Each structure stands twice: as C-alpha cells, then as structure tokens.
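Novice: With the input below, show me the fold.
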Amino acid sequence: MPVHLQREIERLKQQVLSLCAVVENSVRLAVKAVAERNSAIAAQVIESDVQIDQAEIDVEEECLKILALHQPVAIDLRYIVAVLKMNNDLERIGDLAVNIAERAQYLNSQMKIDIPFDFKGIAQKTQAMFRSSLDALVNMNASLARQVCSQDDEVDAINRRMYDQVKDMIRAHPEHVESLIALLSVSRCLERIADHATNIAEDVLYMIQGHIVRHGLELGKLKKDADS
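Specialist: Below you'll find the model as predicted:
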C-alpha cells in the first residue's frame with residue numbers, strides 16, 4: 001500500500017473509532033435517562049447530536065477524498081465502501097438515541113408508571129449487540145460479527161412481545177395511554193438500534209470476506225456458525 005494511502009486510511013480509522021465512541025455513549029446515556037427518569041442526562045444526549053452529525057459528515061468527506069485521490073482497490077476499497085455504509089448506520093443510531101432521550105424527557109414530565117415490559121432486558125441486549133458490532137469492527141472479528149447477526153431475531157421477538165404487553169396495559173389503564181405509547185416508542189427505537197448494529201456487523205463481514213451478507217441470504221449459516 002502506498003504510504004500516503006496508508007496514512008489516510010489510518011486517519012479515517014481514527015475518525016470512525018471516535019464516532020463509534022460518541023454514538024455508543026449517547027445510547028448508554030439515553031437508556032440511563034429513561035431508567036433513572038433523568039431529564040438532564042436526556043438533554044445531554046440531545047445536545048450531542050450536533051457533534052455526531054458533524055463527525056458523520058467528516059467521515060464521509062474523508063472517504064470521498066481517499067477514493068478521488070488514491071483510487072484504492074481490493075481490501076482497501078472494500079474498507080472505504082463499508083465505512084461509508086457504517087457511517088450512515090452510526091448517524092442513525094445517534095438519531096435513535098436522541099429519540100429515546102426525547103421520550104425520556106416526556107415521561108419524566110408525566111406521572112410515573114410501571115414499565116409493562118422488561119426495559120432493562122431489551123436495553124442490555126441491544127447495547128451488547130451494538131458494542132459487539134463495534135468490537136468486531138475494531139478487531140476485524142468475523143466470528144463476533146456473525147454472533148451479532150444471529151441475535152437480531154431475538155431482539156425483534158422481544159419487541160413484538162412488548163407491543164402486546166403495552167396494548168394490554170393500555171386497555172387496563174387508558175388514562176396512561178400517552179405515556180405507554182412513549183414507552184412503546186422507546187422499545188421500537190432500541191429494536192431499530194439492534195437492526196443498525198446488525199448492519200454494521202454485516203459490513204464487517206463484507207470487509208473481511210469480500211462478499212455481501214444481507215437480507216437473510218446467509219442467515220442459516222450465520223446461526224450455525226454462531227452456535228459452533
């Protein structure tokens with residue numbers, strides 16, 4: 001690899017890792033804002049969105065510059081393409097963290113109600129998937145990326161159960177319908193974060209293996225490999 005290209009890719013890697021750290025922290029704080037009914041933490045998440053948006057733009061511009069100036073091929077080209085896709089997923093996760101924080105602020109302004117589903121469980125599983133997808137990226141770990149992909153159905157199933165639980169709660173306590181819908185929105189945001197974590201893991205596999213894993217085309221193989 002030409003030394004200038006190597007230098008540019010190393011700088012891009014640092015930018016991506018920095019963005020990953022900020023987004024992961026936003027998700028963690030958004031979940032904490034809901035769990036602890038803390039509007040100050042929620043406001044911190046909302047304010048950090050500007051930083052995430054700017055970082056996303058910087059990463060995209062760096063990728064385009066490398067493509068234009070160096071015309072990378074093979075694994076370097078795959079890396080740039082994958083980073084462009086991951087960059088979008090990271091920005092969307094940041095947006096979803098903001099959505100959760102906004103729901104937290106609303107819930108904190110209302111009478112406290114019992115959460116009619118395992119919020120802690122889905123939050124922990126979602127954050128674990130996201131963290132693992134980032135670890136797979138940092139360490140270029142295909143096995144870990146496959147594990148993330150195989151876990152997405154579990155989060156989807158939890159979210160469906162929560163939908164039914166919230167509906168039952170609305171029937172029993174219609175006076176809390178707006179708060180319950182806000183909680184359902186939080187669950188949906190967490191499920192979407194898990195989807196984006198899966199996208200990141202699929203892009204890691206693309207970087208490592210050179211072929212696209214998407215739309216369940218290799219789902220059976222992913223599950224088999226993750227269990228082995």
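
Novice: so how far is the longest helix seen in the chain from its chain's centroid?
Specialist: Longest helix of the chain, by residue count under DSSP state H: helix 74-108. Distance of helix 74-108 from its chain centroid, counting by Cα atoms, centre = their mean, to the nearest Å, is 6 Å.

Novice: Any buried residues in it, and which?
Specialist: Neighbour counts over helix 74-108 (16 or more other Cβ atoms under 10 Å) mark 76, 78-83, 86-87, 89-108 as buried. Just so you know, the C-beta spots here come from the backbone N, C-alpha and C atoms, and that holds for glycine as well.

Novice: Check stretch 157-164 too.
Specialist: For stretch 157-164, by 16+ other Cβ under 10 Å, it's 158-159, 162.

Novice: check contacts around I200.
Specialist: 86, 89-90, 130, 133-134, 136-137, 148 (Cβ atoms under 8 Å, 6 or more residues apart in numbering).

Novice: Please repeat the previous calculation with a cut-off of 7 Å.
Specialist: Applying Cβ atoms under 7 Å, 6 or more residues apart in numbering to I200 gives the contacts 86, 89, 133, 137.

Novice: for D168, same thing?
Specialist: By Cβ under 7 Å, 6+ apart, the contact list for D168 is empty.

Novice: Let me see the confidence value for it.
Specialist: On pLDDT, D168 comes in at 89.

Novice: mind checking which helix or strand it is in?
Specialist: Assigned by DSSP states H and E, D168 belongs to helix 142-172.

Novice: Quick check: mean pLDDT of stretch 140-157?
Specialist: 92.
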